[in-house]
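1. Please work out how this folds:
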Amino acid sequence: MQVKTRFSILGCLCVLLWVSCRGESAQKLNGVRIAVMADVHFQNVYGEFSGGSFKGVENPGNGEYATIRTMEAQLHSTRLFNENYFAFLAALDDAVNRHVRLIILPGDLTDDGQPFNVNELKTVLENYSEKFGITFLAINGNHDAGRPFKMDAGKADYLGAEGRSQPVMSRDGIYGLKKPDGLPVSVSPDMQSMGYQEMAEAFGPFGLMPQKEYLYWETPFSDYDVAGYSYSESSSASSLKSRQYFIDPDSLSLPDVSYLVEPVDGLWVLAIDANVYVPKENAKSDPANPANYSGPGDGYNLVLKHKKYLIDWVRSVCERAAKLNKTLLVFSHYPMVDFYDEAAGNLKNVFGGKSPSGRLPEEEVARAFADAGVKVHFGGHLHMNDTGIRKTAKGNTLVNIQVPSLSAYIPAYKLLTIYDGKLDAETVVMDSVPRFNELFPLYEMEYEYLKKTGQKDIWDRTILSAKNYRDYAGWHLRELVRLRFLPNEWPDSLACFLTGMSGTDLLTMACKSSSLDKDETSRKAVALARDRGIDLSEFENWNGLDLIVDFYRISLADRLATGDIGDRRIGQYELIIEQFRRQNDDGDPLYRQIKAFTESFQLLLNGDPAGSFTVDIKNGGIVNDSPVPGFPKSQ
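-> Purely as a prediction, here's the structure:
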């Protein structure tokens, strides 16, 4: 393994030439617009499987056969499987209309890397490239290559005849959870999960492999530099055999598809492959067997342990970008900075061992990459809209921008505009998506089947009355909280207590004091509400479940969620939070959990700007929360 850390002599001479025209190079990028669309989870909703008997279910609205997953499956998942197909197309059209010609895709491009989905996504990207001149730059996520090598896989929850679940597997014999009323398994090789070789072949034209139109392209393992760069040389260095690192110090190596590319004169884009597949006991004896490796993990914590060479490469890229006056943007699938606005400690007190903060990158991650020179990084994976900032002891500042997913609440992408060394970041929410309700008649069929067969805890049919895509994604989150998060992740005592409380109950509880009796506590609650211009009756319009759902809205969308919650409701929450913070828990475990929950809510409400803001991409940090001069917010 060879990692680039220095210039060639000829490269140093070229640096002097580039430095002499630093201002001119920076001006070239003024007004360049870039879209970042994370966690697309593309699903081929009108595809044809090769082999097998399943051809989909006929959509009465258009007569086409839909190859979709059940609503039941969607509402137990942190992502939509079907409607995000329409959302992605709408986002691409929206970006084109906003004069975007470069789109970054930070991983989870498809739903588990099946050829069935990958091939259709590739067709979509090629069509937009050809028709609109769009350059796509992608990197892999944990749902693109589940293991370093392709493996058999499948899904048990396609929507089949009569609204029943239809299993579709890549080979016979791998599905062992057959239901008494289940449909026969359909077998298609299209359901295999791709490995790195297949991924590189499919997404090579979108950054993973050099293209003739790129001005520059390299990997952590290539041994050339900007001076005298040639496409033929980069092509020779792009094979996966040349892009290997030792996951085991003795002998075992795995591929890494990280790359640096210059798609536009003066702009460098660095894509980091942060997937780490830890070998199991039999990996050395059978290294090509996907079963001998763990899944790709949760990102940078494992990178620091198993891919330290990336830090050296990133430092080299950052140093060269500065000397050559290249504007550098960095992206990967995973976050580099805490994405819970410092609420992790409180969340652990709420959830215990099931705390969602368990996926946080260690502080060492932010320090390592900030001190390596990274000023701004775009991540996905979490389906969250968030901004995290870290300044190190050495004075380096890293801004980590978490890009929300188009397949979950809040469905959005990031629109970037470069101007004089600064980056204007705007979050574009996909409120309206054409055809978002096209599959609803099929869900009606599914619902009737579940109801007829007496299934317990079936999903709320009200979701099918959603007026737009944003509303639909909001309903998806509400049902996800009810059907998955509360039963599986929340402590039973806390979930039962909160969901049984009204807003008035919570305010009264927050006002409770050992020096006040029941009537005095009620009068205090009324007075506090009146002082804020709130009628106490407004607290009767919501309950603990609404509070929990809105907590998730804020954690996923930041302040963008206030449009769905409403400023008055937010004011009521803040009053309750304020009162809980003044109370002692008196050793009561339940009260302590409620107090930690409300404090977490407060921290999430007051994080760094995550809607529209401006990043200093030369020095690091957020310089303001308004557009850069000359480029007002796009409409």
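
2. what sits against the nearest residue to D248 once chain neighbours are set aside?
-> Closest residue to D248 apart from its sequence neighbours, by C-beta to C-beta, 6 or more residues apart in numbering: P279 at 6.0 Å. The way it works is simple: take the backbone N, C-alpha and C, and place the C-beta from them, glycine included. Contacts were defined as C-beta atoms under 8 Å, 6 or more residues apart in numbering; by that measure P279 touches I247, D248, L252, N292, Y293, S294.

3. Look up how far P210 lies from G31.
-> Taking C-beta to C-beta, to the nearest Å as the measure, G31 falls 27 Å from P210.

4. Looking at the two, which has the bigger crowd around it?
-> Neighbours per residue, other C-beta atoms under 10 Å: of G31 and P210, the larger number sits with P210, 25 against 13.

5. Check for me that that one belongs to a strand.
-> No: P210 is assigned coil when assessed by DSSP: H, G, I helix; E, B strand; the rest coil, not a strand.

6. quick check, nearest of the contacts of P279 to F149?
-> Set against F149, the nearest of those by C-beta to C-beta is Y293 (8.1 Å).

7. mind listing what the closest one touches?
-> R147, P148, Y277, V278, P279, K280, A283.

8. swap in V526?
-> Applying C-beta under 8 Å, 6+ apart, the residues near V526 are L536.

9. Can you flag the buried ones in the contacts of Y293?
-> Buried subset of the contacts of Y293 (neighbour count, 16 or more other C-beta atoms under 10 Å): R147, P148, Y277, P279, A283.

10. ok, L545 touching G500?
-> No: using C-beta atoms under 8 Å, L545 makes no contact with G500, being 9.2 Å away.

11. Who has more neighbours out of these two?
-> Using other C-beta under 10 Å as the criterion, L545 and G500 rank with L545 on top: 17 against 11.

12. How many neighbouring residues does the residue nearest to the more buried one when sequence neighbours are not counted have?
-> Nearest residue to L545 in three dimensions, chain neighbours excluded: T499, at 4.8 Å (C-beta to C-beta, 6+ apart). Close neighbours of T499, defined as other C-beta under 10 Å, add up to 16.

13. Distance of T499 relative to R69?
-> Separation of T499 from R69 (C-beta to C-beta): 28 Å.

14. Repeat that for S600.
-> Taken as C-beta to C-beta, the span from S600 to R69 is 32 Å.

15. Looking at these two, which one has more neighbours?
-> For S600 versus R69, the count of surrounding residues by other C-beta under 10 Å is larger for S600: 27 against 21.

16. Okay, now the unreliable bits of this protein?
-> Applying pLDDT under 70 to the chain flags the ranges 1-26, 353-355, 357-358, 514, 585-586, 625-635.

17. Tell me, how many residues neighbour R315?
-> Using other C-beta under 10 Å, R315 is surrounded by 17 other residues.

18. Please read the previous query as pertaining to D588.
-> Neighbourhood size, D588 [other C-beta under 10 Å]: 11.

19. Against L494, how distant is it?
-> Look at D588 and L494: by C-beta to C-beta, they are 12 Å apart.

20. Then H333?
-> Using C-beta to C-beta, H333 is found at 32 Å from L494.

21. Which one's more surrounded, those two?
-> H333 (29 against 21).

22. my read: S222 touches A237, true?
-> Yes: assessed by C-beta under 8 Å, S222 is found in contact with A237 at 4.1 Å.

23. Of the two, which one has the most company?
-> More crowded of S222 and A237, by other C-beta under 10 Å: S222, with 22 against 16.

24. Can you say which helix or strand has that one in it?
-> S222 is part of no helix or strand when elements are defined by DSSP states H and E.

25. what's the answer for E479, then?
-> Following DSSP H and E, one finds E479 within helix 469-480.

26. outside of that helix, which residues touch it?
-> For helix 469-480, contacts defined as C-beta under 8 Å, 6+ apart pick out 74-78, 80, 83, 86-87, 90, 408-411, 429-433, 436-437, 459-460, 462-463, 466, 549, 552-553, 556, 564.

27. Which members of those occur in strands, if any?
-> Mapping those onto strands (DSSP state E) picks out V429.

28. In contact with T327: list those residues for me.
-> By C-beta under 8 Å, 6+ apart, T327 lies in contact with A26, L29, G266, L267, W268, A321, I418, G421, I617.

29. So in terms of bridging, what pairs with it?
-> Applying DSSP bridges to T327 yields these beta-bridge partners: L267.

30. ok, now how distant is it from P189?
-> Distance from T327 to P189, by C-beta to C-beta: 43 Å.

31. Same question for V40.
-> As judged by C-beta to C-beta, V40 and P189 stand 23 Å apart.

32. what do you get for L360?
-> For L360, the distance to P189 - C-beta to C-beta - is 38 Å.

33. which residues in the stretch 101-250 of the chain form strands?
-> Assigned by DSSP state E, counting those that start in this stretch, the stretch 101-250 of the chain shows strands spanning 102-106, 135-139, 154-159, 165-169, 186-187, 216-218, 244-246.

34. Can you tell me which of those is most buried?
-> Per residue and on average, the most neighbours among the strands of the stretch 101-250 of the chain fall to strand 102-106, with a mean of 26 (mean count of other C-beta atoms under 10 Å).

35. just how off-centre is it within its chain?
-> Relative to its parent chain, strand 102-106 has a centroid offset of 13 Å by C-alpha atoms, centre = their mean, to the nearest Å.

36. and S537, how many residues sit next to it?
-> Using other C-beta under 10 Å, S537 is surrounded by 10 other residues.

37. Make sure it is indeed in a helix.
-> Yes: applying three-state DSSP, one finds S537 inside a helix.

38. if we can go back for a sec, can the contacts of T327 go into CSV with extra columns for distance to N400 and neighbour count?
-> Shown next, in CSV, are the contacts of T327 (distance: C-beta to C-beta, whole Å; neighbours: other C-beta atoms under 10 Å):
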residue, distance to N400, neighbour count
A26, 24, 18
L29, 22, 18
G266, 24, 19
L267, 20, 21
W268, 18, 23
A321, 18, 21
I418, 19, 24
G421, 19, 16
I617, 13, 18
